[in-house]
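Student: Predicted structure and sequence below. I'll ask about it afterward.
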Amino acid sequence: MWAMIVKEFRQLRRDRRTLAMMIVLPVVLLVVFGYAASFDVSAIPAVVAGPQAAQAPVRAPFQVVQRAPSEGAAWAQDELRDGHAAVAVVTGARPMVLIDGSQLFTAKAALAALESASTTFHAGGGFAAGGQAAGGQSASAPQVRVLYNPALKTSYIMIPGLAGVVLVFVGIIITSLGVVRERQTGTLEQLAVMPLRPRDVFLGKIAPYFAVAAADLALVLAVGVALFGVPFRGSYAVFALGALLFLFVTLGIGVLISSVSENQGQAIQMSFMFTLPQVLLSGLIFPLSSIAAGVRWISYLLPLTYFNEISRGVMLRAEPIGPLWPPLLFLALLGLVVMTLAMLRFRSYLGPAGSGGGRGGQNAVAGAAGTPDPATAGSR
Amino acid sequence: MSAPPPRLPPPSGAWGARAVTVRYGHRLALDQVTFQALPGQVSAVVGGDGAGRTTLLRCLSGAIAPGGGTVARPARIQVGYLSAGSGTYPDLTVAENLAFRAAAYQIPAAAAGPRIREYLGRAGLADARDRLAGQLSGGMRQKLGVIAAMLHHPALLILDEPTTGVDPVSRADLWSLIARAAAEGAAVAFSTSYLDEAERATHVLILAEGRELAAGSPGQIAAAMPGRLWVTGTRPAGPARARSWRRDGRWRVWQPEGDRDPAGRFGDPVQPDLQDAVTVAILTRELDGDRTGDRDRRGGDPALSAREGR
């Protein structure tokens, strides 16, 4: 048994990635997710509209992001639809509080705050802590409406997010395995000398995963709509655009992971390191506003954060393309960067000797065209 | 889609590498190595582990670029390459593997089917066309790799260890495939660690630690062996012991030029062949490098196998 233990330790010592995963990763995960794992919403962005918007007192946890005395209920609803606020207060003769139900935990916190004994809504148009009357007017109950997800169903916010997780899974994990398998079976070298352009190999390699991911996405959405009654209120085209850009990012990350992995085990490890933060820090489970600021910046680097924004916005709130340009642009830029890097890595494997992919002609290749990769080089 | 272009003759009479140097980091894998593959002929690269055979063939195929020297090869579509291992997809069937190759090498769809059937027949794999490549025996998988490499009738066919780990019957089949490809006009370059296989080649390059040890036809290499060779039933004592090795159940003793031992001192004279010449070349190199002497040599470079002697 001792011999076995010694052997295992020796193997483990040489497998740096596994060792790092076993020792460093748990600590990192604990710290990161310790700060991230929170459903507590301490600040609720709110807009105030209507004639008394300017003077309506609004207290914590609500934070006014805009007051618009000249606007009405329609404007307030658009603000919620476009994701500018989670709560909209409409002042006037028939005061209203509109709550964005697509932000589940924020909506629940808003409702709890409204119902709390220490919060009084004032007919004059606001709500203040401590039961103080604003403007000497008597308090009266406002009409509270939860939009987009009136029953505050968890499935309504999870299904659009899970669609993104499916794309992460297929895009990153499955793609990275598919490419690294070529390396393991020795067929990548065959591809390198075939009359195929690196671009053709690259696109030919990821196109099937793209198709599978697209089919998976459609299936998840269909099941979500049919089985869980999740609405799809927005534009299919906008959603498809967001999914397309997001898929390019995940496929590119998958190829990049495979290019730095020697085998499928390593590819799985690295994919896991990319996938787990996406699930936990993207706002899929924990509201972004609940994540500690020191960790939240990571969320804004993750593509799933932006896809969540698009999918929930389009599906639940029928958000048009206009206010969604920042997440779409971010995904497009990230996709461009990741795909370019992945393509460059691929090119370094395929065709290093500079032999043309053409059908005719002959090649006399002089030296100093490149340096062999010791990792893939045979030594016989 | 049109048919692949006809085999083009090499511009200078032979495909190959001239004074090629390759480094892996600080390690010199090939040092000024020259190798040629002539159309219609079979050329062999022979060497033990770490000799540089695979590196040379990878240079020739275009999988890697040399750090120095030049490589002459046809356009990619006229190169057929079997990398170490079978180079086939284990999760595709035999027919699917070949169909992929046919498409990649632009064999017209109408011609691909008949040609695949023809090559499956040549390799004796017709009954295995629907089996997954990963479920084939080692020999069958190698045959699949070889016919996949030659399916498009390449002008230069490069085979890295096509017969390693293959049973004698499959070896004979593979040799039949290789010889036929050469007879049909391909320049065939293959690597092996088996000297008996190298003797079948028209041209042989012997590599040791990335350097040329000998080159030429098997007859030329044998004829160029310096000194004389003796065969005896018992291993000699004294300095000659370090120059002896076992082959076919008897002992070969090499007597260098200038050695003053009398003729017949070590047994009966024997005409050297390629195996003997390579063993002597390696021996000379070792004796020049270090003179540790008394070693139980059984056919020269331990990494080089003369199959029946091991």
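Tutor: Received, thanks. Numbering: from 1, shown residues only, chains lettered A, B, ... in the order given.

Student: Let me know the average pLDDT across the host helix or strand of A:Arg296.
Tutor: Using DSSP states H and E, A:Arg296 falls within helix A:293-299. Throughout helix A:293-299, pLDDT has a mean value of 85.

Student: which other helices and strands contact that helix?
Tutor: helix A:16-36, helix A:264-281 (3 or more Cβ pairs under 8 Å, 6 or more residues apart in numbering or on different chains; DSSP states H and E). No exception for glycine: its C-beta is placed from N, CA and C like everyone else's.

Student: Mind listing the residues bridging to B:Thr93?
Tutor: Beta-bridge pairing for B:Thr93 (DSSP bridges): B:Leu132.

Student: Is it correct that it is in contact with B:Leu125?
Tutor: No: using Cβ atoms under 8 Å, B:Thr93 makes no contact with B:Leu125, being 10.8 Å away.

Student: Of those two, which one has the most company?
Tutor: B:Leu125 (21 against 18; other Cβ atoms under 10 Å in any protein chain shown).

Student: how about the strands in the stretch 1-150 of chain B?
Tutor: B:15-24, B:27-37, B:42-47, B:68-74, B:79-82 (DSSP state E, counting those that start in this stretch).

Student: need those strands in a markdown table with distance to chain A, can you?
Tutor: Listed next are these as a markdown table, based on distance: least, Cβ to the nearest Cβ, whole Å:
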| stretch | distance to chain A |
| --- | --- |
| strand B:15-24 | 4 |
| strand B:27-37 | 7 |
| strand B:42-47 | 7 |
| strand B:68-74 | 4 |
| strand B:79-82 | 5 |
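
Student: Point out where the stretch 201-310 of chain B drops to low pLDDT.
Tutor: By pLDDT under 70, the low-scoring segments of the stretch 201-310 of chain B are B:262-264, B:289-310.

Student: need the helices for it, in chain order.
Tutor: B:218-223, B:274-289 (DSSP state H, counting those that start in this stretch).

Student: Nearest to chain A among those helices would be which one?
Tutor: Chain A lies closest, by Cβ to the nearest Cβ, to one member of the helices of the stretch 201-310 of chain B: helix B:274-289, at 16.0 Å.

Student: So which elements touch the closest one?
Tutor: Partner elements for helix B:274-289 (3+ Cβ pairs under 8 Å, 6+ apart): helix B:195-198, strand B:203-208, strand B:211-216, helix B:218-223, strand B:244-247, strand B:250-255.

Student: For the first one, C-alpha coordinates in CSV please.
Tutor: This means helix B:195-198. Presented in CSV, the C-alpha positions along helix B:195-198 are these (Å, rounded to 0.1, in the frame of the first residue of the first chain):
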residue,chain,number,x,y,z
LEU,B,195,16.6,-3.4,-40.1
ASP,B,196,15.1,-6.3,-42.0
GLU,B,197,12.4,-4.0,-43.3
ALA,B,198,14.9,-1.4,-44.2
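
Student: just to revisit the earlier point, generate TSV for the helices of the stretch 201-310 of chain B, with distance to A:Arg67 and mean neighbour count as supplementary columns.
Tutor: TSV is the format used below for the helices of the stretch 201-310 of chain B (distance: least, Cβ to Cβ, whole Å; neighbours: other Cβ atoms under 10 Å in any protein chain shown):
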stretch	distance to A:Arg67	mean neighbour count
helix B:218-223	95	18
helix B:274-289	90	20
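
Student: that older thread, I'd like to know which of the helices and strands packed on helix A:293-299 has the weakest mean confidence.
Tutor: Looking at the helices and strands packed on helix A:293-299, the bottom one is helix A:16-36 with a mean of 79.

Student: What residues sit buried inside that one?
Tutor: For helix A:16-36, the neighbour count (16 or more other Cβ atoms under 10 Å in any protein chain shown) marks A:32-33, A:35-36 as buried.

Student: which residues does B:Met225 contact?
Tutor: Counting by Cβ atoms under 8 Å, 6 or more residues apart in numbering or on different chains, B:Met225 makes contact with B:272, B:276-277, B:280-281.

Student: Skipping adjacent residues, who's closest to it in space?
Tutor: For B:Met225, ignoring the flanking residues on the chain, the nearest one in space by Cβ to Cβ, 6 or more residues apart in numbering or on different chains is B:Ala277 at 4.1 Å.

Student: if I pick that neighbour, what's in contact with it?
Tutor: B:Ala277 neighbours (Cβ under 8 Å, 6+ apart): B:214, B:221-222, B:224-225.

Student: what does A:Phe9 give?
Tutor: Contacts of A:Phe9 by Cβ under 8 Å, 6+ apart: none found.

Student: since we're on residue 260, how many residues are nearby?
Tutor: The chain I'm using is chain A. So A:Val260, with other Cβ under 10 Å, has 12 neighbours.

Student: think we crossed wires, I meant chain B
Tutor: Neighbours around B:Arg260, by other Cβ under 10 Å: 6.

Student: any idea how far it lies from chain A?
Tutor: 40 Å (Cβ to the nearest Cβ, to the nearest Å).

Student: re earlier: could the strands of the stretch 1-150 of chain B go into JSON lines alongside mean neighbour count and mean pLDDT?
Tutor: Shown next, in JSON lines, are the strands of the stretch 1-150 of chain B (neighbours: other Cβ atoms under 10 Å in any protein chain shown; pLDDT from 0 to 100):
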{"stretch": "strand B:15-24", "mean neighbour count": "22", "mean pLDDT": "92"}
{"stretch": "strand B:27-37", "mean neighbour count": "22", "mean pLDDT": "93"}
{"stretch": "strand B:42-47", "mean neighbour count": "28", "mean pLDDT": "94"}
{"stretch": "strand B:68-74", "mean neighbour count": "21", "mean pLDDT": "91"}
{"stretch": "strand B:79-82", "mean neighbour count": "26", "mean pLDDT": "95"}
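
Student: Looking at the stretch 101-250 of chain B, which residue is nearest chain A?
Tutor: B:Ala104 (4.9 Å).

Student: What is the burial count for the closest residue to that residue other than its chain neighbours?
Tutor: Closest residue to B:Ala104 apart from its sequence neighbours, by Cβ to Cβ, 6+ apart: A:Met194 at 4.9 Å. Burial of A:Met194 is recorded as 25 neighbouring residues (other Cβ under 10 Å).

Student: can you check B:Thr232 too?
Tutor: Residue neighbour count, defined by other Cβ under 10 Å, stands at 17 for B:Thr232.

Student: B:Gln41 now?
Tutor: Neighbour number of B:Gln41 under other Cβ under 10 Å is 18.

Student: Backbone dihedrals for it, please?
Tutor: The phi/psi pair for B:Gln41 (degrees, to the nearest 10) reads phi -130, psi 160.

Student: measure it to B:Gln275 for me?
Tutor: 21 Å (Cβ to Cβ, to the nearest Å).
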